[in-house]
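Engineer: The following comprises the amino acid sequence and a computationally predicted model.
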Amino acid sequence: MKTFNIAALAGDGIGPEVMREAIKVLRATEKKFGFKLEITEAPVGWAGIDATGKALPDATLALCKKSDSILFGSVGLPDRDPTIPKEERPERAALLRLRKEFGLFANLRPVKLPKVLSHACPLAKERQGDGIDMLVVRELTGGMYFGQPKKTEDLGGGNFRAIDTMVYTTQEIERIAHVAFKAAQLRRKKLTSIDKANVLENGILWREVVTRVGKNYRDVTLEHQFVDNAAMQLVLRPTQFDVILCENMFGDILSDEAAMLTGSIGMLPSASLGGKVGMYEPVHGTAPDIMGQDKANPLATILSVAMMLRHSFDQAAAADRIDSAVEVVLNEGYRTADIQEPGCKLVGCKEMGRLVRDKIETAKG
């Protein structure tokens, strides 16, 4: 029997609530598909700061290093973050550090609008076409978020200058481009690369390198778009996109915009790959306004579990079972508050998780 070790880092806000349901789903697949899961929970974010004084405690990092995969919830609390130095805040000290520590340079964010949730999409029905189905591939360890120097200078007289540096090398662009082209080969064979080559040196290099890499993938149609045009096209004609390739900051922004095409950011999973240990997390944040109220949508975290089973553990059948269970539950009309519509059955976080587990456990095969 195969054994997989998972570090479960729930984090802050609604993180613990959605993590509980995701772990229960993992246990349901474990019983059905004959593998063994060793799941160890550890604090991160403000939970880590409260426990040890650090957003990424040493013991949590050590656990991640000896695990096969990381399941991550969410970190950061807007009312508490300003109370500590910016470099110690959870997103920088925990989330960004984990990405850098494990070389997680490739972030995959599938954006799919199920037909039964077409009402939740903010776009008119005619703009939805036959359905929205795209994959955002975001470079995750370079660009402005990691470039140096990064500092704020005191110019005197109450004037300050903030400096963030956007840096990319040929190698960094090449490796994420290969990920995107290979993903496109498994989908509809179209890749849209995003840059700002009209004003940024980074954009010029990005476009040159992606074009050169594309010559190795003759079966994939490559197009380039400036980031401002891409933001517009996502709301004008989202069905034109298959795989979208972005640098770090552009990918951060556009993937969240694309997420809302599904009606709720609570529906989107993600996978961060590239190193020995993959990390899987919902795209949504900590949502402290609904924390502890059983209102959170656990589906993004549950679908992240499916991505983990598929990409890290090579358990495609188990991943497919989870995806199908979520689809069935939605087709039966169950909704959390963020995707609710008239005539559907409103359920909380715990009940949505239970419904998905039931479908996994009772499905034939």
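Structural biologist: Structure received. Numbers count the residues shown, from 1 in each chain.
Engineer: Tell me how many other residues crowd residue 159.
Structural biologist: Neighbours of residue 159 under the rule other C-beta atoms under 10 Å: 8. Glycine gets a C-beta too; all of them are placed from N, C-alpha and C.
Engineer: Report the beta-bridge partners for it.
Structural biologist: In this entry, residue 159 is beta-bridged to residue 156, by DSSP bridges.
Engineer: Please enumerate the helices of this protein.
Structural biologist: Here the chain has its helices, by DSSP state H, at 15-33, 46-52, 58-65, 90, 97-101, 125-128, 170-185, 201-214, 227-236, 248-259, 299-311, 316-331, 349-362.
Engineer: Out of the ones you listed, which is closest to residue 287?
Structural biologist: Within those, the stretch nearest residue 287 is helix 15-33; the backing value is 9.2 Å (C-beta to C-beta).
Engineer: what about the closest one, average pLDDT?
Structural biologist: Helix 15-33 shows a mean pLDDT of 97.
Engineer: what angle sits between it and helix 316-331?
Structural biologist: Orientation check (axes from the mean of the first three to the mean of the last three C-alpha atoms, to 10 degrees): helix 15-33 against helix 316-331 gives 120 degrees.
Engineer: Can you lay out the helices of the chain as TSV showing mean neighbour count and distance to residue 290?
Structural biologist: Shown next, in TSV, are those (neighbours: other C-beta atoms under 10 Å; distance: least, C-beta to C-beta, whole Å):
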stretch	mean neighbour count	distance to residue 290
helix 15-33	21	9
helix 46-52	20	17
helix 58-65	17	25
helix 90	27	19
helix 97-101	18	25
helix 125-128	12	27
helix 170-185	19	33
helix 201-214	18	38
helix 227-236	16	26
helix 248-259	20	17
helix 299-311	25	14
helix 316-331	18	20
helix 349-362	19	9
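Engineer: Provide a list of residue ranges in the stretch 51-200 of the chain with pLDDT below threshold.
Structural biologist: Applying pLDDT under 70 to the stretch 51-200 of the chain picks out no residues at all.
Engineer: Repeat that for the stretch 251-365 of the chain.
Structural biologist: Scanning the stretch 251-365 of the chain for pLDDT under 70 picks out the ranges 365.
Engineer: center of this protein - which residue?
Structural biologist: residue 270 (2.9 Å; C-alpha atoms, centre = their mean).
Engineer: quick one: it and residue 304 touch, right?
Structural biologist: Yes: here residue 270 reaches residue 304: they are 6.5 Å apart, a contact under C-beta atoms under 8 Å.
Engineer: overlap in contacts of the two?
Structural biologist: Overlap of the contact sets of residue 270 and residue 304 (by C-beta atoms under 8 Å, 6 or more residues apart in numbering) consists of 280, 281, 282.
Engineer: Which residues does the last one form beta bridges with?
Structural biologist: According to DSSP bridges, the partner residues bridging residue 282 are residue 269.
Engineer: Could you number the chain from 45 rather than 1 from now on?
Structural biologist: Got it, first residue is 45 now, which makes that one residue 326.
Engineer: residues touching it, list them.
Structural biologist: Residue 326 sits in contact with 62, 117, 118, 310, 312, 313, 314, 344, 345, 348, where contact means C-beta under 8 Å, 6+ apart.
Engineer: now the first one
Structural biologist: With C-beta under 8 Å, 6+ apart as the criterion, the residues that contact residue 324 are 113-116, 313-316, 348-349, 351-352, 356.
Engineer: at 10 Å instead, please
Structural biologist: 50, 66, 113-116, 152, 313-317, 345, 347-353, 355-356 (C-beta atoms under 10 Å, 6 or more residues apart in numbering).
Engineer: And it, how far from residue 241?
Structural biologist: According to C-beta to C-beta, to the nearest Å, residue 324 and residue 241 sit 32 Å apart.
Engineer: nearest to residue 210, of the shared contacts of residue 314 and residue 348?
Structural biologist: Nearest to residue 210 among the shared contacts of residue 314 and residue 348, with distances taken as C-beta to C-beta, is residue 325, at 24.3 Å.
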